[in-house]
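>>> Can you look at this prediction? I've put the sequence above it.
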Amino acid sequence: MIRLRPFSLTAILALALVAGCRTQPASRAAVPEPTPFEPQLVKQQGGPELLKLEPHDVPGVVLVEAKNVELPGVLETSGQVTFDDRRVSTIVSRVQGRIEETRVSLWDNVRRGEPIVALYSPDFMTAEAELIEARTTYKLSSAPGVGGSGELAASMASAARKKLQLLGMDDADIRAISTPNPTVWVRAPISGTVVENKAMRGAQVNPGDELYSLGTLDDVWITGDLYEDDLARVQVGQQLEAVATAFPDQIFRGSIARISPNVDPATHTLQIRCEVKNPGARLKPQMLARIKIVTRPGEALVVPQAALVFETDSYYAFVEVSPGHLEHRKVAIGSWSRQGYARVLSGLKPGERVVSGETLQVNALWHQAHGESS
């Protein structure tokens, strides 16, 4: 039996310890950092540039579909009250002269035929003298036993009356003429409210100068904006209800009277003009109102608001045109009641997939690929 010396055992343990130390690595291996994604553009011949990007290239990128949703059977829009221009009349001076007197001011109510402004003009006096002379001639020529042409005198009197009418005189005032007078009262052509007053006592006037504008509020117009997508849902004569901001508890009823033939290219809207009954003349010009039109249901194309990026003055979306290829496309949007979504008026089609998550980061990569700062 062999016995190990204490010294020999100690030496063996030391050698084993040294060998174990030599087998351990000198340092821990470094973990490689992930390579940053480098955006690339794909140029199409005759088409838009595309950003080459897979969803896994940018964590958080999500693709969602633009989809149609059903619209309710009530179409709502905001509008503004205005005068019905068919019920507005402008009083214009037809002579050269001077304003002698005025009887009404701004916002006064007047009745048809009421004298409102007196004009002094030698033109009146001359035309009245011609009428008086024509009448006298007609009477003399029509007297028994007096020769003459009654038809010619009657024609002269008719021409003199016509001249006074063209100068703005009322028929009743023409019949009452007995002596020439250079001052004539101009009467209101309609019953209504003075909505514009340019007449000042003592002011000189010329033919064509506007003196007053009169308007009636029995029926008013409410002009509102309508998105072009909703155009097929409305038509002239369609019934509606209007509620004014000033009278939230009162409903005013009317119908669509006009639909504008022009579409605003910036907002993709057009105007409708609604003829609305105005009992008690409560609706005033420039008031705001909410219009409700009962119509058939429709559809609207919507996408999440997170899919849109606003730049300068327009909205853009990144549209998947093929797997891993995105188009930077301009879209027009409208208001939408559902929170978190936007209504697309143009730029997208139902079923197209757009980037929703991390849209701002994708937009930054787009600019980076163009050598721009986002």
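Yep, that arrived.
>>> Where do the domain boundaries of this structure fall?
For the chain, automatic domain parsing gives the domain ranges 40-71+300-369, 74-84+217-296, 93-121+182-215, 123-180.
>>> any chance of the ones you listed in JSON lines, plus mean pLDDT and mean neighbour count?
Bear in mind the C-beta positions are built from the backbone N, C-alpha and C, glycine included. Putting those into JSON lines (pLDDT from 0 to 100; neighbours: other C-beta atoms under 10 Å) gives the following:
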{"stretch": "domain 40-71+300-369", "mean pLDDT": "89", "mean neighbour count": "16"}
{"stretch": "domain 74-84+217-296", "mean pLDDT": "92", "mean neighbour count": "16"}
{"stretch": "domain 93-121+182-215", "mean pLDDT": "95", "mean neighbour count": "17"}
{"stretch": "domain 123-180", "mean pLDDT": "86", "mean neighbour count": "15"}
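>>> need the strands for the stretch 201-350 of the chain, in chain order.
Per DSSP state E, counting those that start in this stretch, the stretch 201-350 of the chain carries strands over the ranges 204-205, 210-215, 219-227, 239-244, 252-259, 269-277, 288-294, 299-304, 309-311, 314-322, 325-334, 341-346.
>>> Format these as CSV; extra columns: distance to residue 54.
Listed next are those as CSV, based on distance: least, C-beta to C-beta, whole Å:
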stretch, distance to residue 54
strand 204-205, 78
strand 210-215, 65
strand 219-227, 36
strand 239-244, 51
strand 252-259, 47
strand 269-277, 39
strand 288-294, 47
strand 299-304, 21
strand 309-311, 20
strand 314-322, 11
strand 325-334, 10
strand 341-346, 25
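>>> nearest to residue 357, of these?
Between residue 357 and the strands of the stretch 201-350 of the chain, the shortest gap by C-beta to C-beta is with strand 299-304, which sits at 9.4 Å.
>>> Using CSV, write down the CA coordinates of that closest one.
Taking C-alpha atoms only, strand 299-304 is exported to CSV below (Å, rounded to 0.1, in the frame of the first residue of the first chain):
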residue,chain,number,x,y,z
GLU,A,299,-71.8,54.9,-46.6
ALA,A,300,-68.6,56.6,-45.5
LEU,A,301,-65.0,55.5,-45.9
VAL,A,302,-63.1,55.7,-42.6
VAL,A,303,-59.6,55.0,-41.2
PRO,A,304,-58.1,55.4,-37.7
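>>> Just want the angle from that strand to strand 341-346.
Here strand 299-304 runs at an angle of 120 degrees relative to strand 341-346 (axes from the mean of the first three to the mean of the last three C-alpha atoms, to 10 degrees).
>>> Given strand 299-304, what are its sheet partners and their directions?
Note on strand 299-304: by DSSP bridges, its sheet partners are strand 67-70 (antiparallel), strand 341-346 (antiparallel).
>>> Cheers, nothing more for now.
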